[in-house]
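S.K.: just coords:
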């Protein structure tokens, strides 16, 4: 006897006619329901295969792994069957109805905000996409630990579960059948050509055979030819493209749809050889409308991290090669062998838009990639080391990984940002490749150690005694830092006392989340850069001064004696400009910088500006009025 259960509130809303989120939707991509059901079947097969590794008896009832698609035009049903792990009675109740899924509400909110229904699988509720095309869905499932049960719902507020005693849909050894009772206007999903196209588009690289039961129009193959095919399959371990094998079985034949999965998954050399032997097959033909290609490249990274790509260069340049505004679908992206999208601008630079391909990526473990990185360091000399080697030889008490980015080893090795770190014996990574700036944005830490840029704020390398002395220095140099900020204006966000330098008088740092000087240089060199993004990411600079340096000590005395002295202003601007250069930035006003240098040279040579007629200060920014300056001027007039 059938038991009736109410759907969980979120699922009931998801399936409700009044909600209008899925059912009776006018979205053009209702076809994604098949992709979701096949992906679920593949997951179920993965689970039973995994369990069978430790317990082979679990696949004894059904040792074959398959996914079947069975259209029935007479009854207007589409059945997706798999020999996966199956579901018990409780799992049918919980998984398909009563247990709230964390992604259900999130999916509905995304849909209400105008999201694409094709993203339903991301929220773990892909099964319910069956109601895009179905009035009713019936699930027949058999788990090794339970009897065969039937789950059924017409997309209302409830569903029924009952033991399958009559075996109306046949006895299942193990696995699940999902029977979709299609709506009247969805009969297209019973057509052989439509189903083949959908599987080829979305699920061609699923790791289990997908069988489509079709009306037979071809006589059974001769037994001798079958034996010859079997013999060919046994020869060698090279990946083969599996031909459609149709056998007469009543009025139905079986077509294997994911026939080139072996090719894409094979070893690089074997795949390249097989590809050339077959002349490209239909995959390249589907990308370029021709079977002919100039070159093909297949490469892969294997292990826990998986990245495979198959790229083609066509023999003739496409007619729309220079139409940059046209939407392109050259590169097809697959994740876990399921087609995701073919509009991937980020996968290929614009100048390579003639390259066709179908890469499949599955990158979740950033640290796995990080272990492959190699860098020069302040202690490695000509050798490069890994991040693991760096961590292994870190100083006692060192909690962070320090790095500096720049244009070359010569530039970064002489940087003032390394002076104190060198004296403390702390090793620093040299990141001199432009791509390093992008990689550290994703690689925030390694082996529990945070990566810290030596050119940004928050370095924090002082011990307790040094911090106390630094606080005393801050109070002593406060008048000078205030004056420097007044002179420099909005060129800097603030001027602070720092222990970052040992031999240099000052440097310019950026905020922790803004662009470094090197990144700013890289982005300004981009011909197609977004200027609005540039202005947002170029953070204001902080000027850090070294209180122990003789220049800063003398400048403090001069500023205390006469804050309005033009020599003091000149020196402050000179220090700022030289800090720009030594910190890796470009000069915004090189002519003014040269003018200040010339004045300093004249001062050193005792040349009077008045004699040369070059004494105007037009190139100096006006100094904001200092409190008390007017009173001091009046006193000087009285003395005169």
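M.R.: Arrived safely. All values derive from a computational prediction rather than experimental measurement. Residues are numbered from 1 along each chain as shown.

S.K.: mind listing the strands for the stretch 51-200 of the chain?
M.R.: Ranges of strands in the stretch 51-200 of the chain, per DSSP state E, counting those that start in this stretch, are 67-72, 77-82, 134-142, 148-153, 158-163, 175-182.

S.K.: nearest to residue 89, of those?
M.R.: Of all those, strand 148-153 sits nearest to residue 89, with 4.9 Å by C-beta to C-beta. Placement of C-beta: from N, CA and C, glycine included.

S.K.: contacts for the closest one?
M.R.: 2, 7, 15, 87-89, 92-93, 96-97, 136-142, 159-164, 167, 171-172 (C-beta atoms under 8 Å, 6 or more residues apart in numbering).

S.K.: One more pass at 6 Å, please.
M.R.: Applying C-beta atoms under 6 Å, 6 or more residues apart in numbering, the external contacts of strand 148-153 come out as 89, 92, 96, 138-140, 142, 159-164, 172.

S.K.: would you list these in a markdown table and tack on distance to residue 63?
M.R.: Shown next, in a markdown table, are those (distance: C-beta to C-beta, whole Å):
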| residue | distance to residue 63 |
| --- | --- |
| 89 | 25 |
| 92 | 24 |
| 96 | 27 |
| 138 | 26 |
| 139 | 23 |
| 140 | 20 |
| 142 | 15 |
| 159 | 32 |
| 160 | 32 |
| 161 | 28 |
| 162 | 29 |
| 163 | 25 |
| 164 | 22 |
| 172 | 14 |
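
S.K.: what's the closest of those to residue 558?
M.R.: residue 96 (80.5 Å).

S.K.: so how far is residue 4 from the closest one?
M.R.: Computed as C-beta to C-beta, to the nearest Å, the residue 96 to residue 4 distance reads 14 Å.

S.K.: and residue 577, what helix or strand is that in?
M.R.: Using DSSP states H and E, residue 577 maps to helix 566-582.

S.K.: Quick check: the farthest pair among the contacts of strand 148-153?
M.R.: Counting by C-beta to C-beta, the most remote pair of those is 159 and 172, 19.4 Å apart.

S.K.: shaky segments in the stretch 201-350 of the chain?
M.R.: In the prediction, the stretch 201-350 of the chain carries residues with pLDDT under 70 at positions 216-252, 259-293, 299-309, 312, 314-350.

S.K.: Recalculate using a threshold of 50.
M.R.: Filtered on pLDDT under 50, the stretch 201-350 of the chain yields the residue ranges 218-224, 231, 233-250, 260-290, 319-320, 322.

S.K.: Ok, the stretch 51-200 of the chain next?
M.R.: In the stretch 51-200 of the chain, residues with pLDDT under 50: 99-100, 102-108, 111, 116-123.

S.K.: okay, residue 159 and residue 172: which has more neighbours?
M.R.: Counted by other C-beta atoms under 10 Å, residue 159 and residue 172 do not tie: residue 159 has more neighbours, with 25 against 21.

S.K.: Look up how far residue 60 lies from the more buried one.
M.R.: Taking C-beta to C-beta, one finds residue 159 at 31 Å from residue 60.

S.K.: before we move on, back to that, if you count neighbours, what's buried in the helix holding residue 577?
M.R.: The neighbour-count check on helix 566-582 (16 or more other C-beta atoms under 10 Å) flags 568-580, 582 as buried.

S.K.: and the chain, what are its domains?
M.R.: Domain segmentation of the chain under automatic domain parsing yields 3-220+238-256, 261-364, 367-453, 470-510+522-612.

S.K.: Mark which of the contacts of strand 148-153 are buried, thanks.
M.R.: Buried by 16+ other C-beta under 10 Å: 89, 92, 96, 138-140, 142, 159, 161, 164, 172, out of the contacts of strand 148-153.

S.K.: wait, which of the residues you listed is closest to residue 255?
M.R.: For those, the nearest to residue 255 is residue 172 (22.1 Å; C-beta to C-beta).

S.K.: doesn't residue 144 make contact with the closest one?
M.R.: No. Residue 172 is beyond contact range of residue 144, at 11.3 Å (criterion: C-beta atoms under 6 Å).

S.K.: Run through the bridge partners of residue 506.
M.R.: residue 545 (DSSP bridges).

S.K.: Could you report the neighbour count for it?
M.R.: Counted with other C-beta under 10 Å, residues neighbouring residue 506 total 25.

S.K.: same check, this time on the one 3 residues further on
M.R.: Residues contacting residue 509 under the criterion other C-beta under 10 Å number 27.

S.K.: can you check residue 598 too?
M.R.: Residue 598: 12 neighbours (other C-beta under 10 Å).

S.K.: do residue 588 as well
M.R.: Other residues close to residue 588 by other C-beta under 10 Å number 10.

S.K.: Under a three-state scheme, what state does it occupy?
M.R.: Here residue 588 is coil, with the state taken from DSSP: H, G, I helix; E, B strand; the rest coil.

S.K.: quick one, phi/psi of it?
M.R.: In terms of degrees, to the nearest 10, the main-chain angles of residue 588 are phi -80, psi -30.

S.K.: Using a markdown table, lay out the strands of the stretch 51-200 of the chain together with distance to residue 471.
M.R.: Listed next are the strands of the stretch 51-200 of the chain as a markdown table, based on distance: least, C-beta to C-beta, whole Å:
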| stretch | distance to residue 471 |
| --- | --- |
| strand 67-72 | 69 |
| strand 77-82 | 69 |
| strand 134-142 | 70 |
| strand 148-153 | 70 |
| strand 158-163 | 69 |
| strand 175-182 | 69 |
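
S.K.: and residue 204, which of these is closest to it?
M.R.: Nearest of the strands of the stretch 51-200 of the chain (C-beta to C-beta): strand 67-72, 12.5 Å.

S.K.: so what strands line up beside that closest one?
M.R.: Applying DSSP bridges to the sheet, strand 67-72 is found paired with strand 77-82 (antiparallel), strand 210-215 (parallel).

S.K.: coming back round to it: quick one: which of the buried ones among the contacts of strand 148-153 is nearest residue 382?
M.R.: So of the buried ones among the contacts of strand 148-153, ranked by how close each gets to residue 382 (C-beta to C-beta), first place is residue 96, at 62.4 Å.

S.K.: wait, what's in contact with that closest one?
M.R.: Counting by C-beta under 6 Å, 6+ apart, residue 96 touches residue 151.

S.K.: follow-up on the earlier one: now, of the strands paired with strand 67-72, which is deepest in the fold?
M.R.: Per-stretch averages of neighbours, counted by mean count of other C-beta atoms under 10 Å, single out strand 77-82 among the strands paired with strand 67-72, with a mean of 22.

S.K.: how far off strand 175-182 does that strand point, in degrees?
M.R.: 160 degrees (axes from the mean of the first three to the mean of the last three C-alpha atoms, to 10 degrees).
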